[in-house]
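# need the 3D shape of this:
(chains A and B)
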Amino acid sequence: MSIDLKTIKHISKLSRISVDEKKAEKLAGDLNSIFDFIEKLNELKTDNVEPLTSVAETTLKLRPDEVKSKNIREQIVKNSPQDNEDYFVVPKVIE
Amino acid sequence: MSDITKQSLSELVENIKNKKLSSTEVTKAFIDRSEKSKELNTYITEDFTSALNKAKKFDQKPNLDLKLPGVPMAVKDLFCTKDVKTTAGSKILNNFVPTYESTVTDNIWKEGAILLGKLNCDEFAMGSSNETSFFGNVQNPIDKDLVPGGSSGGSASAVAGQLTPITIGTDTGGSIRQPASFTGTVGLKPTYGSCSRYGIVAFASSLDQAGPMAQNVKDCALLQEVISSYDPKDSTSIDFKRNQYSKELTNNIKGKKIGIPKEYRVDGMPKEIEDLWQKGIQYVKDCGAETIDISLPHTSYALPTYYIVAPAEASSNLARYDGVKYGFRAKGENLIDMYEKTRSEGFGAEVQRRIMIGTYVLSSGYYDAYYLKAQKVRKLIKNDFDKVYKKVDAILTPSTPSSAFKIGEKTNDPVSMYLNDIFTVPVNLAGLPAISIPAGHDSKGYPLGLQIIGKAFDEQNILNIAFAMEEKINFKNKITDWWIK
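Prediction:
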């Protein structure tokens, strides 16, 4: 198989990573060599194999749904790139 | 004592407990050596002033019952440390100062250790040479312009160069064991679920594990004892009875059955690695263990599986870096443009590549062909191990298919870089513990490692085997201090 530039543009949209022509071409080359290597998996028949989703063979523990961290608003917004004491700020979304 | 930094963790702990050394003396010695070692580029963030203050405070009222009393230690910059910048080696987290502490580092400080600083690593732990870090290459203390391995390259370099007595790394596909092998140090990847992932910058959540990196097996066991704990804050943390690994450490491995998997004899592997492996087999026999030829038939499918599973999980985990809540933000004309520019400028090339692979294999129409397929093969790989563990107690393999390579040698060919992890990746896919110990040198004088893989939760057993082999191997790391002027 081959990943073309159109596919790269599509993945870049889904990934929310902007790519220009030059970067798209480099990525297409890299991804094609990586996928050539990945294609090896098709040698294996896996129709009757259960997919492994977790190596930990235990069921997730239940816990009471309680609030453990209180009054941490200041901590939560502390690292936000645009300063505002109370909320996160993003570029205008609604005109 | 002029040679403080040459001492092992166990020696330092003993000397502090016997009051032959103070925490301040020890901390100062490691800071001095770190200051002289800037050329190695091991640190991303130094926290020396604060470390000295903590050491002085410790000495005023020393609690000598702790396991790491007043011992200074630098950690991989993937662990969130409260009020100390945590970057994951990325521009996108260049200004991130956590307001909370990772469970693993919290366990370490509670036993009396003192943070020296944060160590360089591949960006988001994605790399095998520490060359993807936004903060530049790390030099291997073994030789100039040699990579220390990755992703825990700064950690490995700092332990080998004696800038820290011990450290912690993280291992998603080999990121502790491969750099340990490249620097002549010991590195343990614990069983998945042994060490909490809370507060560790996530890469691939079903594979990531924190683990100790040390100068010797005993130190490694002691740190594992400290960092391994059940943690309700990590839903995949497992509640099992943990050993007192350092206290229970023994070199008596008589009668242990050790598997030698034929599939690890890969095409193009240098003869030196094969010879080292044969030597390792002889060592375990000399210790009274029995070796058994085994087969892990799906070994060659592990890397392709990993390069679907890990990027898929990474693409999902790294969706959080959007320039809104924390980290770097680029200017954009609108919200979407801001996201796209932030991620394009904030992530390095390797991280972008992996996000793209992950997004592709999870995207509509490709999920079954790639992601589901990989999960099925992952099951086959785990089954291989389950089957052989009915016959053997542990498995012995080389850690890496080669010794350390030169900086820049593999950066243009991602697949050749990925092949570095051929012996380490299957272990992560199966969630098993494994340790790499230095076992010899190649013709260039560079260290080579052997890997011992254990059953799940059987860290004690592989530590014991490593301890017994270490005695026989009697490895001496060749560190010439070439970087100190």
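
# which residues of the stretch 151-300 of chain B fall in strands?
B:167-171, B:186-189, B:209-214, B:257-261, B:290-294 (DSSP state E, counting those that start in this stretch).

# grab the most central residue of chain A for me.
Nearest residue to the geometric centre of chain A (CA atoms, centre = their mean): residue A:15, 7.0 Å.

# relative to residue B:311, how far out is it?
11 Å (CB to CB, to the nearest Å). Any C-beta I mention is one placed from the backbone N, CA and C, and that applies to glycine too.

# tell me the SS of residue B:305?
State at residue B:305, reduced to three classes by DSSP: H, G, I helix; E, B strand; the rest coil: helix.

# confidence score at it?
Confidence at residue B:305, expressed as pLDDT, is 98.

# burial count for it?
Number of residues near residue B:305 (other CB atoms under 10 Å in any protein chain shown) recorded here: 27.

# what residues are up against it?
A:41, B:374, B:377, B:378, B:381, B:429 (CB atoms under 8 Å, 6 or more residues apart in numbering or on different chains).

# again with residue B:177
Per CB under 8 Å, 6+ apart, neighbours of residue B:177: B:171, B:187, B:189, B:399, B:400, B:424, B:434, B:435, B:436, B:449, B:451.

# to chain A, which of the strands of the stretch 151-300 of chain B lies closest?
Chain A lies closest, by CB to the nearest CB, to one member of the strands of the stretch 151-300 of chain B: strand B:209-214, at 10.5 Å.

# please save the CA atoms from that closest one in CSV.
These are the backbone C-alpha positions of strand B:209-214, laid out as CSV (Å, rounded to 0.1, in the frame of the first residue of the first chain):
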residue,chain,number,x,y,z
GLN,B,209,6.1,1.7,33.3
ALA,B,210,8.4,3.6,35.6
GLY,B,211,11.5,1.8,36.8
PRO,B,212,14.9,2.2,38.5
MET,B,213,18.3,2.7,36.8
ALA,B,214,21.4,2.1,38.9
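
# partner strands of it, with direction?
Sheet pairing of strand B:209-214 (DSSP bridges) gives strand B:167-171 (antiparallel), strand B:186-189 (antiparallel).

# so which strand or helix has residue B:478?
Residue B:478 belongs to no helix or strand when assigned by DSSP states H and E.

# now residue 21, nearest residue through space, not along the chain?
Using chain A here. residue A:5 (8.0 Å; CB to CB, 6 or more residues apart in numbering or on different chains).

# looking at chain B here, not the other one
Ranked by CB to CB, 6+ apart and with sequence neighbours excluded, the top spatial neighbour of residue B:21 is residue B:15, at 4.2 Å.

# which bits of the stretch 351-485 of chain B sit near chain A?
B:352-353, B:355-357, B:359-360, B:363, B:370, B:372-380, B:382, B:413-415, B:418, B:429-431, B:456 (CB under 8 Å from any CB of the partner chain).

# next, count neighbours for the residue nearest to residue B:21.
Residue B:15: 17 neighbours (other CB under 10 Å).

# I'd say it and residue B:23 touch.
No - the pair residue B:15 / residue B:23 is not scored as a contact, 10.5 Å apart, by CB atoms under 8 Å.

# near whatever residue of the stretch 1-150 of chain B ends up closest to chain A, how many other residues are there?
Relative to chain A, the nearest point of the stretch 1-150 of chain B is residue B:99 (3.9 Å; CB to the nearest CB). Neighbour count for residue B:99, taken as other CB under 10 Å: 14.

# do the same with residue B:394
By other CB under 10 Å, 26 other residues sit near residue B:394.

# name the nearest residue to whichever residue of chain A sits closest to chain B, ignoring sequence neighbours.
Closest residue of chain A to chain B, CB to the nearest CB: residue A:55 (2.9 Å). With sequence-adjacent residues excluded and distances taken as CB to CB, 6+ apart, residue A:55 is closest to residue B:431, at 2.9 Å.

# from residue A:58, how far off is the one you found?
Using CB to CB, residue B:431 is found at 11 Å from residue A:58.

# higher neighbour count, those two?
Comparing residue B:431 with residue A:58 by other CB under 10 Å, the one with more neighbours is residue B:431, at 25 against 11.

# what sits against the more buried one?
By CB under 8 Å, 6+ apart, the residues touching residue B:431 are A:55, A:56, B:191, B:192, B:193, B:382, B:456.

# redo that, cut-off 10 Å
A:52, A:54-57, B:190-194, B:206-207, B:209, B:236, B:238, B:378, B:382, B:385, B:456 (CB atoms under 10 Å, 6 or more residues apart in numbering or on different chains).

# kindly report the same for residue A:35.
A:1, A:2, A:3, B:304, B:307, B:308, B:357, B:360, B:361, B:370.

# for chain B, which residue gets nearest to chain A?
residue B:431 (2.9 Å).

# which phi and psi does that residue have?
Note on residue B:431: its backbone torsions stand at phi 70, psi 20 [degrees, to the nearest 10].

# again, but for the one 3 residues further on
In this entry, residue B:434 is assigned phi and psi values of phi -160, psi 150 (degrees, to the nearest 10).

# mind checking pLDDT for it?
Looking at residue B:434, its pLDDT is 98.

# quick check: angle from the helix or strand encompassing the residue nearest to residue B:21 to strand B:209-214?
Assigned by DSSP H and E, residue B:15 belongs to helix B:9-17. Counting by axes from the mean of the first three to the mean of the last three CA atoms, to 10 degrees, helix B:9-17 lies at 70 degrees to strand B:209-214.

# helix B:9-17 - contacts with which helices or strands?
helix B:23-35, strand B:209-214, helix B:217-227 (3 or more CB pairs under 10 Å, 6 or more residues apart in numbering or on different chains; DSSP states H and E).

# enumerate every residue touching the residue nearest to the centre of chain A.
Contact analysis of residue A:15 by CB under 10 Å, 6+ apart lists B:315, B:318-319, B:339-340, B:343-344, B:347, B:352, B:355-360, B:363.

# for it, which non-adjacent residue is closest in space?
With CB to CB, 6+ apart as the criterion, residue A:15 has its nearest non-adjacent residue at 4.5 Å, and that residue is residue B:359.

# test my guess that the one you found contacts residue A:10.
Yes - in this structure residue B:359 lies within contact range of residue A:10 using CB atoms under 10 Å: 9.4 Å.

# these two: which is more packed in?
residue B:359 (24 against 15).

# determine how far the strand or helix carrying that one lies from the middle of the whole chain.
Residue B:359 is part of helix B:349-362 when elements are defined by DSSP H and E. Remark: helix B:349-362 is offset 23 Å from the chain centroid, using CA atoms, centre = their mean, to the nearest Å.
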